[in-house]
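Asks: Structure here, sequence nowhere to be found:
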């Protein structure tokens, strides 16, 4: 049914036809491309095989052009006869089983009996037999993160395609029974409302397999065995929606790449969620619109005749439709197979501008973990440079796969630029990168507390060989939560919303437990926008036990902007001001409290083997806590204001303890009508 619909729409719907044209151009390019090199990196050639089977298989089914089927079959026969193993550790094994199954199923009527026999023998030997060997001792057989969905989901898809083949049926059935048990466990990590603990990149990877698995099950059995009814899964697209800022780049915490051109933001995932039967009709329409909108932003261009074209290829293919490298790539096959013309900008503009998400896996235990504020949703005409204000922030938890010691960190956008940033992932090949301890993973700058836009205590600088001393607690005792959240049009279930209109959006993150290693009595970070989102104030309050030996506190914001500090003869008399410049826009930053505190700035120059950090700087406030005072005044909080306006915020924020009852400001900056 889906193929029939895709074929009809590719002829009648303007957007679907544009995807089909992009798919055809990609397919034509593959006809002369070499087969995957099975001596290369296994993940690369496996993902490339998967992409090619989906795209070539669908193109043959839609066009009846045997050239595309013949090219896909050559690749299938190549990987089932020229590999001694697909993967000794599960992940690539499942991806290749998925790839071969899609090719075999979609090209079945093109394949000769001899070719079918070869493919069945290959997937039985390299896929199902190997999976059954691995299952008894594989960690991924029953885990709560992306591996659990990819491995068990990929093996489920593969097994479903070969249940009717006598040679493969027994082992395929045995694999399927284990895979269906295994895949249900990580699905529970979508609870309670769809957020994913590993960030945007791994939300994308997980969603790709979650969607393919549920669709395959429904295709064979008429139901997905309850997977799409698991709490949170049928609304997880909303999480990814809020993760994108006006720039369309995501909140890239953990091992993520925030750029809109990255595969973690693949528009086809939204299109897939538009077909999820357990989602509400309104959400399905929103997903379809968002898929088309993002695809147009990421990978479209207009030719000399004014016709919209799409750069269609897989994420591991180097071929660029327009051969300029100026556009991202999308997967037209996925967009077409799930295509929907439903939805308009109205569905997007109706979404709340404030949203808090809970997380459940890895000790989050349904804590409020991720918060998002924006002044408005960006409309399609603004492209990838929406000018609205956007703030995304998180609580602390160093336990989940691919997470950092980053409680309180945030990204901030205004005026079409991202000012406060996350540095994302480092090289996965770094020694002990995935060993989650202060000595190993968190010893790398991007993964440490010092490498984030948050507070550090006893931070003596980038080259401090004992930087772990200022890191947040990486264990279960260091998990924290958002304790207050309020915003215009906000929709939340558990966070207290005060009766106040002094700010359109504000929140508090309790970070006390994260700094337990420093004997903190209280560490809280507050975020508050003034009226009309003109200023963002960041309010940090901290207290330590009498036995604490903490000597200093450092407030840090990482940025790609050029930082200008006042000179001694500038007339300011203080360096409590800074001007950041990026993309022709200026951001004005001021230390509001404590009086007399000054900014400093430095380049972030990471040395090999860490990835280069070209262009990254850090704006800092460094305060000595000796005697707990600055210029004789007790230091218990830092207040920093950020604004596109050169006129500094004149409001003084209330103590955080008063925000719940009175809001962040004692006097309204302007009364709302």
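Replies: Yep, it's here. Here the structure is a predicted model, which is why all the values come from computation and not from measurement.

Asks: Based on its surroundings, how many neighbours for residue 231?
Replies: Using other Cβ atoms under 10 Å, residue 231 has 14 neighbouring residues. Every C-beta, even on glycine, is put in place using the N, C-alpha and C of the backbone.

Asks: can you pull the contacts of it?
Replies: 188, 190, 191, 192, 193 (Cβ atoms under 8 Å, 6 or more residues apart in numbering).

Asks: can you check residue 254 too?
Replies: Per Cβ under 8 Å, 6+ apart, neighbours of residue 254: 198, 199, 201, 202, 400, 402, 403, 404, 406, 425.

Asks: which residue packs closest to it, ignoring adjacent ones?
Replies: residue 199 (4.0 Å; Cβ to Cβ, 6 or more residues apart in numbering).

Asks: again with residue 185
Replies: Per Cβ to Cβ, 6+ apart, closest to residue 185 is residue 142, 5.3 Å.

Asks: ok, that neighbour - how many residues close by?
Replies: 16.

Asks: swap in residue 523?
Replies: 27.

Asks: Can you tell me the SS state at it?
Replies: Here residue 523 is strand, with the state taken from DSSP: H, G, I helix; E, B strand; the rest coil.

Asks: so where's the stretch 301-450 of the chain shaky on pLDDT?
Replies: 301-308, 313-328, 380-385 (pLDDT under 70).

Asks: can you count the residues close to residue 655?
Replies: Residue 655: 14 neighbours (other Cβ under 10 Å).

Asks: Let me know the distance separating it from residue 514.
Replies: 21 Å (Cβ to Cβ, to the nearest Å).

Asks: Residue 365 too?
Replies: Counting by Cβ to Cβ, the gap from residue 365 to residue 514 is 16 Å.

Asks: Look at these two and report which has more neighbours.
Replies: Neighbours were counted for residue 365 and for residue 514 using other Cβ under 10 Å; residue 514 has more, 30 against 14.

Asks: check contacts around that one.
Replies: Applying Cβ under 8 Å, 6+ apart to residue 514 gives the contacts 396, 405, 407, 408, 472, 473, 478, 479, 480, 523.

Asks: And what about it, helix, strand or coil?
Replies: Here residue 514 is recorded as helix under three-state DSSP.

Asks: what about the residue nearest to the spatial centre of the chain, distance to residue 577?
Replies: In the chain, the residue lying closest to the centroid (Cα atoms, centre = their mean) is residue 200, at 1.0 Å. Between residue 200 and residue 577 the distance is 34 Å, computed by Cβ to Cβ.

Asks: Which one of the contacts of residue 254 sits in the busiest neighbourhood?
Replies: Result: residue 404 is most packed of the contacts of residue 254 (other Cβ under 10 Å), 32 neighbours.

Asks: which one is that one nearest to, not counting chain neighbours?
Replies: residue 447 is the one closest to residue 404 (Cβ to Cβ, 6+ apart), at 4.8 Å.

Asks: my read: the one you found touches residue 398, true?
Replies: No. Contact criterion Cβ atoms under 8 Å: residue 447 and residue 398 do not qualify, at 9.0 Å.

Asks: tell me, what's touching the two both at once?
Replies: Listed contacts common to residue 447 and residue 398 are 404, 405; contacts here mean Cβ under 8 Å, 6+ apart.

Asks: circling back to that earlier point, mind checking how far the residue nearest to residue 254 is from residue 205?
Replies: Relative to residue 205, residue 199 is positioned 10 Å away (Cβ to Cβ).

Asks: Could you do residue 453 as well?
Replies: Taking Cβ to Cβ, one finds residue 453 at 25 Å from residue 205.

Asks: what about those two, which has more around it?
Replies: residue 453 (24 against 20).

Asks: what's the pLDDT at the more buried one?
Replies: You'll see residue 453 listed with a pLDDT of 97.

Asks: Spit out the contact partners of it.
Replies: 409, 410, 411, 420, 421, 422, 556, 557, 558.

Asks: contacting residues for the fourth one?
Replies: Just to be clear, that refers to residue 420. The neighbours of residue 420, taking Cβ under 8 Å, 6+ apart as the test, are 410, 411, 412, 453, 557, 558, 559, 642.

Asks: from memory the second one sits against residue 256, does it?
Replies: Put plainly, it is residue 411. No. If you go by Cβ under 8 Å, residue 411 and residue 256 don't touch, sitting 11.0 Å apart.

Asks: list residues touching both of the two?
Replies: In contact with both residue 411 and residue 256: residue 422, using Cβ under 8 Å, 6+ apart.

Asks: now the strands: where do they sit in the stretch 401-550 of the chain?
Replies: 410-414, 417-420, 455-457, 481-487, 505-510, 520-529, 535-544 (DSSP state E, counting those that start in this stretch).

Asks: Now tabulate the ones you listed in a markdown table and tack on distance to residue 429.
Replies: Output for the strands of the stretch 401-550 of the chain, formatted as a markdown table (distance: least, Cβ to Cβ, whole Å):
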| stretch | distance to residue 429 |
| --- | --- |
| strand 410-414 | 26 |
| strand 417-420 | 27 |
| strand 455-457 | 27 |
| strand 481-487 | 34 |
| strand 505-510 | 33 |
| strand 520-529 | 34 |
| strand 535-544 | 35 |
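
Asks: how about those strands, which one is nearest residue 390?
Replies: Of all these, it is strand 410-414 that lies closest to residue 390, at 4.1 Å by Cβ to Cβ.

Asks: Which residues outside that closest one are in contact with it?
Replies: Applying Cβ under 8 Å, 6+ apart, the set of residues contacting strand 410-414 is 245-247, 251-252, 258, 387-394, 418-422, 453-454, 527, 533, 536, 538, 587, 642-644.

Asks: packing partners for the helix or strand hosting residue 44?
Replies: For residue 44, the element it lies in under DSSP states H and E is helix 42-63. Packing partners of helix 42-63 (3 or more Cβ pairs under 8 Å, 6 or more residues apart in numbering; DSSP states H and E): helix 2-12, helix 14-31, helix 66-81, helix 91-106, helix 332-337.

Asks: Check which helices and strands the third one is in contact with.
Replies: Packing partners of helix 66-81 (3+ Cβ pairs under 8 Å, 6+ apart): helix 14-31, helix 42-63, helix 91-106, helix 113-123.

Asks: Could I get the phi/psi values of the residue nearest to residue 563 when sequence neighbours are not counted?
Replies: Nearest residue to residue 563 in three dimensions, chain neighbours excluded: residue 601, at 4.1 Å (Cβ to Cβ, 6+ apart). Main-chain torsions, residue 601, degrees, to the nearest 10: phi -140, psi 150.

Asks: residues in contact with residue 601?
Replies: 563, 565, 578, 617, 618, 619, 620 are the contacts of residue 601 under Cβ under 8 Å, 6+ apart.

Asks: and what of residue 616?
Replies: Applying Cβ under 8 Å, 6+ apart, the residues contacting residue 616 are 421, 423, 558, 559, 560, 603, 604.

Asks: wait, which of those is closest to residue 611?
Replies: Set against residue 611, the nearest of these by Cβ to Cβ is residue 423 (9.0 Å).

Asks: Does the closest one touch residue 446 like I think?
Replies: Yes. If you go by Cβ under 8 Å, residue 423 and residue 446 touch, sitting 4.6 Å apart.

Asks: burial count for residue 186?
Replies: 26.

Asks: What are the phi and psi values at the residue lying closest to it once chain neighbours are set aside?
Replies: Spatial nearest neighbour of residue 186, chain neighbours left out: residue 148 (3.4 Å); criterion: Cβ to Cβ, 6+ apart. In terms of degrees, to the nearest 10, the main-chain angles of residue 148 are phi -60, psi -40.

Asks: correct me, but residue 148 touches residue 185?
Replies: Yes. With contacts counted by Cβ under 8 Å, residue 148 reaches residue 185, the gap being 5.8 Å.
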